[in-house]
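only the shape, not the letters, is given here:
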């Protein structure tokens with residue numbers, strides 16, 4: 001139980017950090033497209049923490065001294081602006097209880113029994129170890145090609161190591177899942193409730209179907225993975241872009257939209273689709289010079305974060321976005337000269353693992369893609385889920401014929417383009433969760449909605465109960481069994497890395513795992529046997 005309350009504490013502290021950040025960014029006092037900005041404060045907190053870590057790591061290792069600066073400066077500002085005259089009658093109602101208390105509590109149960117992902121030992125933890133132990137490293141991807149991805153999640157998670165316990169890394173992922181469900185329950189109280197109900201149906205059916213279920217819904221991953229955080233950010237970016245596209249207001253505040261889309265792009269390269277869409281919509285609503293002025297003035301903080309993130313990518317891997325080979329440079333001293341760490345090789349490895357469409361025709365590729373059991377199971381269950389959602393919408397709604405309908409065509413192009421990029425790069429199920437949710441959002445908006453749900457009648461009460469059931473099904477059964485077995489456990493759950501043996505690398509710098517390919521936490525451990533380490537003033541350069 002202490003672990004669950006630790007997560008609740010983590011959530012509310014991060015909320016305070018985000019409050020300070022949101023005031024600094026000038027986005028606090030808004031109700032943004034029917035979603036209160038206060039729901040975004042933990043996400044904005046993580047956005048700030050990740051980008052400040054990137055900036056500081058240009059000059060310093062991210063040790064405990066700088067973590068205090070990163071974490072506590074906005075926290076103090078958030079606390080100083082916190083109003084203590086709480087009106088309990090206002091806050092203690094069904095809506096706020098569901099959003100701020102019950103949702104994080106239920107999802108926090110997943111912390112009782114979780115483990116590190118395979119990729120944690122493969123590269124995530126060691127990448128964070130480099131950020132923690134050294135200022136930015138030139139050519140870091142030359143010692144392990146996957147360091148080239150250099151997602152913002154690494155720069156967030158490095159601030160939450162509890163010595164040898166990585167429980168807080170799980171808490172970071174939970175923040176995104178809590179936020180996702182908070183958005184869903186909030187939209188239940190708006191004219192977009194039909195989408196929320198569709199998502200609840202989607203989430204409920206994830207537990208049933210072929211091979212016991214799994215249809216591509218958001219899930220609680222093993223510690224260190226960022227697939228679900230990216231999916232949540234991609235969906236909320238899609239929702240914001242759609243609302244921005246159909247908005248009648250010409251002078252709408254787009255700062256929060258820009259920050260969320262930038263965060264999505266920093267989380268994973270597929271998020272660049274959202275960024276391009278935002279730029280095109282802004283250009284359509286304004287002109288080139290106003291758009292340029294926006295990124296240099298109103299969006300200057302986001303533009304600076306984005307620029308420094310790209311410079312960080314080039315220093316780490318010699319690529320603007322790794323492993324997109326067309327955006328890589330071969331002229332830098334740390335540019336990869338071998339096949340091991342090159343972007344084209346990693347892109348091929350990634351595509352082969354996830355069965356990306358290459359030169360074969362669609363039928364051949366789809367047959368091969370379905371040969372992976374997880375793809376076959378999820379595609380069947382997802383198809384069945386979409387059919388059930390369409391039947392529900394068809395029975396209860398009318399086709400949307402108002403002026404918003406033409407914008408659905410633009411939204412369809414956006415979603416289809418995203419699916420095509422996914423298919424040609426890395427069509428793994430976990431990579432496509434955000435696309436699946438966006439597709440459900442698109443389908444639900446084909447139909448008109450009534451004004452809102454009346455939560456005083458039986459239908460409204462049933463929907464709220466259904467919401468609780470769906471989020472209760474997200475944590476695995478073994479987490480509930482652990483809670484029942486030790487309800488009063490006062491020991492914090494411990495998630496530790498493995499200890500392995502290493503052997504000297506006879507061909508170059510460092511050591512190698514004595515068996516397997518996981519380095520776990522060892523700065524000397526490499527995956528490229530031909531890498532050489534050089535020093536340039538106080539910086540480290542790896543060449544191959």
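Arrived safely. All figures in this text were calculated on a predicted structure; none of them were measured in a lab.

alpha carbons only for contacts and neighbour counts from here, please
Noted.

can you list the domains in this protein?
2-485, 502-543 (automatic domain parsing).

among these, which gets the worst mean confidence?
Mean pLDDT is lowest for domain 2-485 among the domains of the chain, at a mean of 88.

got the end-to-end distance for it?
Distance between the two ends of domain 2-485: 14 Å, counting by Cα to Cα, to the nearest Å.

and that domain, how far out from the chain's middle?
3 Å (Cα atoms, centre = their mean, to the nearest Å).

picking that back up, would you turn the domains of the chain into a markdown table with mean neighbour count?
Output for the domains of the chain, formatted as a markdown table (neighbours: other Cα atoms under 10 Å):
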| stretch | mean neighbour count |
| --- | --- |
| domain 2-485 | 19 |
| domain 502-543 | 17 |
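
right, and those domains - which one's nearest residue 493?
Closest to residue 493 of these, according to Cα to Cα: domain 2-485, at 6.3 Å.

still on that earlier bit, can I get the domains of the chain in JSON lines including distance to residue 494?
Listed next are these as JSON lines, based on distance: least, Cα to Cα, whole Å:
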{"stretch": "domain 2-485", "distance to residue 494": "5"}
{"stretch": "domain 502-543", "distance to residue 494": "17"}
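
and these: which comes nearest residue 496?
From the domains of the chain, taking Cα to Cα, the stretch that ends up closest is domain 2-485, at 5.3 Å.

contacts for the helix or strand hosting residue 106 next, please.
Under DSSP states H and E, the secondary-structure element containing residue 106 is helix 103-108. Helix 103-108 has contacts (Cα atoms under 8 Å, 6 or more residues apart in numbering) with 3-5, 7-8, 11, 174, 178, 181-182, 471-472, 474-475.

again, but for stretch 25-33
By Cα under 8 Å, 6+ apart, stretch 25-33 touches 19, 22, 36, 37, 38, 240, 243, 255, 256.

try it again with 6 Å
Identification of contacts with stretch 25-33 by Cα atoms under 6 Å, 6 or more residues apart in numbering yields 22, 37.

start and end of it, how far apart?
18 Å.

show me where this structure has its strands.
31-32, 35-36, 502-504, 511-513, 532-536, 539-543 (DSSP state E).

each with direction, which strands does the first one pair with?
This points to strand 31-32. strand 35-36 (antiparallel) (DSSP bridges).

again with the third one
For strand 502-504, the paired strands and their directions (DSSP bridges) are strand 511-513 (antiparallel).

please apply the same query to the fifth one.
Take DSSP bridges as the rule and strand 532-536 pairs in its sheet with strand 539-543 (antiparallel).

for residue 153, find the nearest of the strands of the chain.
So among these, strand 539-543 is nearest, using Cα to Cα, at 22.5 Å.

quick one: the closest one to chain centroid distance?
With Cα atoms, centre = their mean, you get 30 Å for strand 539-543.

what does that strand rub up against?
Contacts for strand 539-543 (Cα under 6 Å, 6+ apart): 137, 138, 139, 334, 531, 532, 533, 534, 535.

nearest to residue 382, of these?
Using Cα to Cα, those come closest to residue 382 at residue 139, 40.9 Å.

just to check, the closest one is in contact with residue 316?
Yes. Counting by Cα atoms under 6 Å, residue 139 does reach residue 316; the two are 4.9 Å apart.

one step back: in a markdown table, list the strands of the chain along with distance to residue 97.
Shown next, in a markdown table, are the strands of the chain (distance: least, Cα to Cα, whole Å):
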| stretch | distance to residue 97 |
| --- | --- |
| strand 31-32 | 19 |
| strand 35-36 | 15 |
| strand 502-504 | 51 |
| strand 511-513 | 49 |
| strand 532-536 | 55 |
| strand 539-543 | 50 |
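
looking at those strands, which is closest to residue 155?
Using Cα to Cα, the strands of the chain put strand 539-543 closest to residue 155, at 18.6 Å.

any idea how far the residue lying closest to residue 201 once chain neighbours are set aside lies from residue 32?
Closest residue to residue 201 apart from its sequence neighbours, by Cα to Cα, 6 or more residues apart in numbering: residue 389 at 7.1 Å. Computed as Cα to Cα, the residue 389 to residue 32 distance reads 27 Å.

again with residue 193
16 Å.

now swap in residue 395 and tell me
Taking Cα to Cα, one finds residue 395 at 31 Å from residue 32.

ditto for residue 110
On the measure of Cα to Cα, residue 110 and residue 32 end up 30 Å apart.

and the contacts of stretch 345-360?
Applying Cα under 6 Å, 6+ apart, the external contacts of stretch 345-360 come out as 323, 365, 369, 423, 424, 425, 426, 427, 428.

reformat those as TSV; add distance to residue 299.
Shown next, in TSV, are the contacts of stretch 345-360 (distance: Cα to Cα, whole Å):
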residue	distance to residue 299
323	27
365	42
369	41
423	32
424	32
425	30
426	31
427	33
428	33
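
just those residues: which are in helices?
365, 369, 423, 424, 425 (DSSP state H).

of the residues you listed, closest to residue 500?
residue 425 (33.1 Å).

list the contacts for the closest one?
So residue 425 contacts 351, 356 (Cα under 6 Å, 6+ apart).

ok, so what distance separates it from residue 437?
Residue 425 is 19 Å from residue 437, by Cα to Cα.

cool, and residue 71?
Taking Cα to Cα, one finds residue 71 at 32 Å from residue 437.

what of residue 526?
Distance check for residue 526 against residue 437: by Cα to Cα, it reads 38 Å.
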